[in-house]
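Student: next comes the sequence, and after it the predicted model I'd like to discuss.
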Amino acid sequence: MGDDFCFAKDPLQQKSEEIQEIFNAFSPQDKNAIIPLLQSIQSHFGYLPQQSIALASWYLSIPITKVYSIITFSDHLRLEPKGKIHIEVCIGAGCYVKGGAELLQVLEAELGIKNGETTKDLLYSLNTVSCLGACGLAPAIKINHHIYGKLEPKDILRLLKEYAMRGG
Ligand code: FES
């Protein structure tokens, strides 16, 4: 490690001390620490900057492809910052059979982003989740802290308009 543990020419350079503190809370020998380490990085930045993923891979000696696949399969780890309006679409079994995937398609088309992405103006971000704990309301989505259920594609357009008018 030693000299490698710095962020030369890295936009995170100013925060390197804080990052080092995050990493120092985990043993480099403990490969099982990958998820808690990624969660700590995300709680610090609000998402997982690319450089921090490379550093986590190096620190725990886990191939970077494996780290990315852990992130991809997690409902809670993000590669991009959250938008002011963060939308979670449930595609768990209960919502999927009742049209959750269609709701996702409508949102992707309307916002011009895919699952896991954030609009360039940082206004909207979109993520799928495997359950919102509101299966009785399937298909359901969550916008910021509010759950909306029994939705049809036309409801999505209405909700987006409402949030756009409020600005978040
Ligand atoms: S499966 Fe969608 S809220 Fe539970």
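Tutor: Okay, I see it.
Student: which residues sit against stretch 106-121?
Tutor: For stretch 106-121, the external contacting residues (Cβ atoms under 8 Å, 6 or more residues apart in numbering) are 78-83, 87, 89, 104, 124-128, 141, 153, 156-157, 160. Any C-beta I mention is one placed from the backbone N, CA and C, and that applies to glycine too.
Student: which of those are buried, as a ChimeraX select command?
Tutor: ChimeraX command restricting the contacts of stretch 106-121 to the buried ones, with burial defined by 16 or more other Cβ atoms under 10 Å:
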select :78,79,80,82,83,87,89,104,124,125,126,127,128,141,156,160
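Student: of the contacts of stretch 106-121, which belong to helices?
Tutor: Using DSSP state H, the subset of the contacts of stretch 106-121 located in helices is Leu104, Pro153, Ile156, Leu157, Leu160.
Student: among those residues, which one lies nearest to Leu137?
Tutor: Ile156 (14.6 Å; Cβ to Cβ).
Student: and the spatially closest residue to that closest one that is not a sequence neighbour, what pLDDT?
Tutor: Nearest non-adjacent residue to Ile156, counting by Cβ to Cβ, 6 or more residues apart in numbering: Val106, 4.7 Å away. Val106 is assigned a predicted lDDT (pLDDT) of 97.
Student: can you name the helix or strand that Val106 falls in?
Tutor: Per DSSP states H and E: Val106 is located in helix 100-111.
Student: distance of the residue nearest the centre of the chain from the ligand?
Tutor: For the chain, Arg78 is the residue whose C-alpha lies nearest the centre (Cα atoms, centre = their mean; 2.6 Å). Arg78 sits 20 Å away from the ligand, going by Cβ to the nearest ligand atom, to the nearest Å.
Student: pLDDT wise, what is the residue nearest to that residue when sequence neighbours are not counted at?
Tutor: In this structure, Arg78 finds its nearest non-sequential neighbour in Tyr47, 4.4 Å apart by Cβ to Cβ, 6+ apart. Looking at Tyr47, its pLDDT is 93.
Student: how many residues are close by Tyr47?
Tutor: Using other Cβ atoms under 10 Å, the number of residues around Tyr47 comes to 16.
Student: distance check, it against Leu77.
Tutor: 9 Å (Cβ to Cβ, to the nearest Å).
Student: my guess is Val67 contacts Tyr59. True?
Tutor: No. Using Cβ atoms under 8 Å, Val67 is not in contact with Tyr59; the gap is 10.3 Å.
Student: re the thing from before, part of a helix, is the residue nearest to Arg78?
Tutor: No. Going by DSSP: H, G, I helix; E, B strand; the rest coil, the assignment for Tyr47 is coil, not a helix.
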